[in-house]
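J.: Could you work out the structure for the sequence below:
(chains A and B, ligands or ions: 2)
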Number of protein chains: 2
Amino acid sequence: MSSPPALSALIDALRALPGIGPRSAQRLAYHLMQHDRAAAQRLACALQHAVERLRHCARCNTFTEAPLCKTCTDPARDAALLCVVETPADQLILEQTLSYRGLYFVLMGHLNPIDGIGPREIHFERLLKRADDGVVREVILATNFTSESEATAHYLGQLLKARGLTTTRLARGVPLGAELEYTDPGTVARALLDRRLICDS
Amino acid sequence: MSSPPALSALIDALRALPGIGPRSAQRLAYHLMQHDRAAAQRLACALQHAVERLRHCARCNTFTEAPLCKTCTDPARDAALLCVVETPADQLILEQTLSYRGLYFVLMGHLNPIDGIGPREIHFERLLKRADDGVVREVILATNFTSESEATAHYLGQLLKARGLTTTRLARGVPLGAELEYTDPGTVARALLDRRLICDS
Ligand SMILES: [Zn+2]
Ligand SMILES: [Zn+2]
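T.: Ligands and ions are numbered 1, 2, ... in the order given. Next up is the predicted model:
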């Protein structure tokens, strides 16, 4: 006895997704076919459309349906500032701060030698060319603060500084609303090292 | 700033899958679009084909592409035995034992009043009609041994016995290779209650 081919193919295709094992794939397939064919149909169409329509912005590398994304074509943006983020989600968070009006470059990942993600895979050459356009005055490295992302920022920083570009990194410190007692010592140590002079105003 | 429509639609469609939250949906979408468009394309096709081709076997209710599944149309099967399972995966396990040659009925679930899964949703009427064909002599209830599946077996057993059908349940007991010390007391209690007389042979 074996599953019908259309069911086996669906289970196999679901298993190819990261984080979905054979049991989950089987359960997902049964669930969709038994209880939610509309969701299966919607997902099929969404995948198809995404594959057909999504490309990378020629300027900032984020996902877009046009040659350039909305942010890159916004004349109100300050083209002298370039913020480097890992994912479109990180870019969204920065936008939500309402305190940045420059442009972005989206790496779509970070250096990860074990998974074979090197400088080429995250488009260092394109970023360097982009930052070297003569308009950009400062590159803000807003990668995450995990070890791999810190390494990515460090490596990128070296390359950018070698080209004479002002390169900054998001400040590390104690999060807003945090109690020192419950903050990890590494973060407190960093905040101590980066302490700021209190101004009079 | 907002995501391009094709990306937002993909994230929404992935979020509709059980067990996939907003963050996982976002990561899956980025991953597929960034690193594995071939997998996205395969999944789109597999979903489309599954939705178009998979139906339920008119006899046993499992997924099939033909009106009747391969098992139901196999003349070597003993039509006097009908085994009731919850899912096609459970049926596969029983087949792998190589010790059952009867037919099946696949409930595609179990009673779950909280989720609104009642006797109608798991096709009790169809099962009763199927078991009442005059050929079936014994109905083996092979649902799981969790509380909801036990309740399902109990309820089904009442209905089948009321129709004069011989109804059995898979034996409960100590699993093969298990050590009593590490077996839960409920299982040992059941094994004690269901103890078998040792034959001479
Ligand atoms: Zn752009
Ligand atoms: Zn069948």
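
J.: Now do the helix or strand where residue A:104 lies: which elements does it pack against?
T.: Per DSSP states H and E, residue A:104 falls inside strand A:102-106. Judged by 3 or more Cβ pairs under 8 Å, 6 or more residues apart in numbering or on different chains; DSSP states H and E, strand A:102-106 is in contact with strand A:78-85, helix A:88-96, helix A:124-131. Quick note: C-beta positions are derived from backbone N, CA and C, even for glycine.

J.: go with 7 Å
T.: strand A:78-85, helix A:88-96 (3 or more Cβ pairs under 7 Å, 6 or more residues apart in numbering or on different chains; DSSP states H and E).

J.: Which residue, other than its chain neighbours, is closest to residue A:173?
T.: Of all residues not flanking residue A:173 in the chain, residue A:191 sits nearest, at 4.2 Å (Cβ to Cβ, 6 or more residues apart in numbering or on different chains).

J.: Give the buried residues for the helix or strand the one you found falls within.
T.: Applying DSSP H and E as the criterion places residue A:191 in helix A:185-193. Neighbour counts over helix A:185-193 (16 or more other Cβ atoms under 10 Å in any protein chain shown) mark A:187, A:190-191 as buried.

J.: just those residues now: which is nearest residue B:24?
T.: Of all those, the one with the least separation from residue B:24 (Cβ to Cβ) is residue A:187, at 26.6 Å.

J.: Point to the residue nearest the middle of chain A.
T.: For chain A, the residue sitting closest to the mean C-alpha position, by Cα atoms, centre = their mean, is residue A:87 at 1.2 Å.

J.: near ligand 1, which residues of chain A?
T.: By the rule Cβ under 5 Å from the ion, the part of chain A lying against ligand 1 is A:57, A:59-60, A:69, A:72.

J.: Just the buried residues out of those, in ChimeraX syntax.
T.: Only the buried entries of those go into this ChimeraX selection, using 16+ other Cβ under 10 Å:
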select /A:57,59,60,69,72
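
J.: quick check, nearest of the residues of chain A next to ligand 1 to residue B:33?
T.: Closest to residue B:33 out of the residues of chain A next to ligand 1 is residue A:57 (12.8 Å), distances taken as Cβ to Cβ.

J.: What about residue A:165, how many residues nearby?
T.: Residues lying near residue A:165 (other Cβ atoms under 10 Å in any protein chain shown) number 17.

J.: I'd guessed it sits against residue A:139; true?
T.: Yes - Residue A:165 lies in contact with residue A:139 (Cβ atoms under 7 Å); the separation is 5.5 Å.

J.: can you list residues touching both of these two?
T.: Shared contacts of residue A:165 and residue A:139, defined by Cβ atoms under 7 Å, 6 or more residues apart in numbering or on different chains, are found at residue A:131.

J.: I'd like the buried residues of helix A:185-193 laid out as CSV, including pLDDT.
T.: Below are the buried residues of helix A:185-193 laid out as CSV (pLDDT from 0 to 100):
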residue, pLDDT
A:187, 85
A:190, 82
A:191, 80
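
J.: Just the residues contacting the helix holding residue A:191, thanks.
T.: In contact with helix A:185-193 (Cβ under 7 Å, 6+ apart) are residues A:172-174, A:180.

J.: how about a cut-off of 8 Å?
T.: A:172-175, A:180 (Cβ atoms under 8 Å, 6 or more residues apart in numbering or on different chains).

J.: ok, now stretch A:84-102?
T.: Outside stretch A:84-102, the residues that touch it by Cβ under 8 Å, 6+ apart are A:62-63, A:71, A:76-83, A:104-110, A:127, A:139-144, A:149, A:152-153, A:156, B:1, B:3, B:7, B:26, B:30.

J.: Narrow those to just the buried residues.
T.: Buried residues within the contacts of stretch A:84-102, defined by neighbour count using 16+ other Cβ under 10 Å: A:62-63, A:71, A:81-83, A:104-110, A:127, A:139-144, A:149, A:152-153, A:156, B:3, B:7, B:26, B:30.

J.: If I look at residue A:177, what pLDDT would I see?
T.: Here the pLDDT value assigned to residue A:177 is 82.

J.: Please enumerate the strands of chain A.
T.: Using DSSP state E, the strands of chain A run over A:55-56, A:63-64, A:78-85, A:102-106, A:138-141, A:166-169.

J.: Switch those strands over to TSV; also include mean pLDDT and distance to ligand 2.
T.: Listed next are those as TSV, based on pLDDT from 0 to 100; distance: least, Cβ to the ion, whole Å:
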stretch	mean pLDDT	distance to ligand 2
strand A:55-56	96	46
strand A:63-64	96	44
strand A:78-85	95	53
strand A:102-106	96	50
strand A:138-141	92	60
strand A:166-169	91	63
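
J.: Between those, which one is closest to residue B:196.
T.: Closest among the strands of chain A, using Cβ to Cβ: strand A:63-64, at 63.9 Å.

J.: So which elements touch that closest one?
T.: strand A:55-56.

J.: Residue A:180 reaches residue A:174, doesn't it?
T.: Yes - Residue A:180 lies in contact with residue A:174 (Cβ atoms under 8 Å); the separation is 6.8 Å.

J.: Looking at these two, which has the bigger crowd around it?
T.: Using other Cβ under 10 Å as the criterion, residue A:180 and residue A:174 rank with residue A:174 on top: 14 against 10.

J.: tell me the angle the strand holding residue A:104 makes with strand A:78-85.
T.: 30 degrees (axes from the mean of the first three to the mean of the last three Cα atoms, to 10 degrees).
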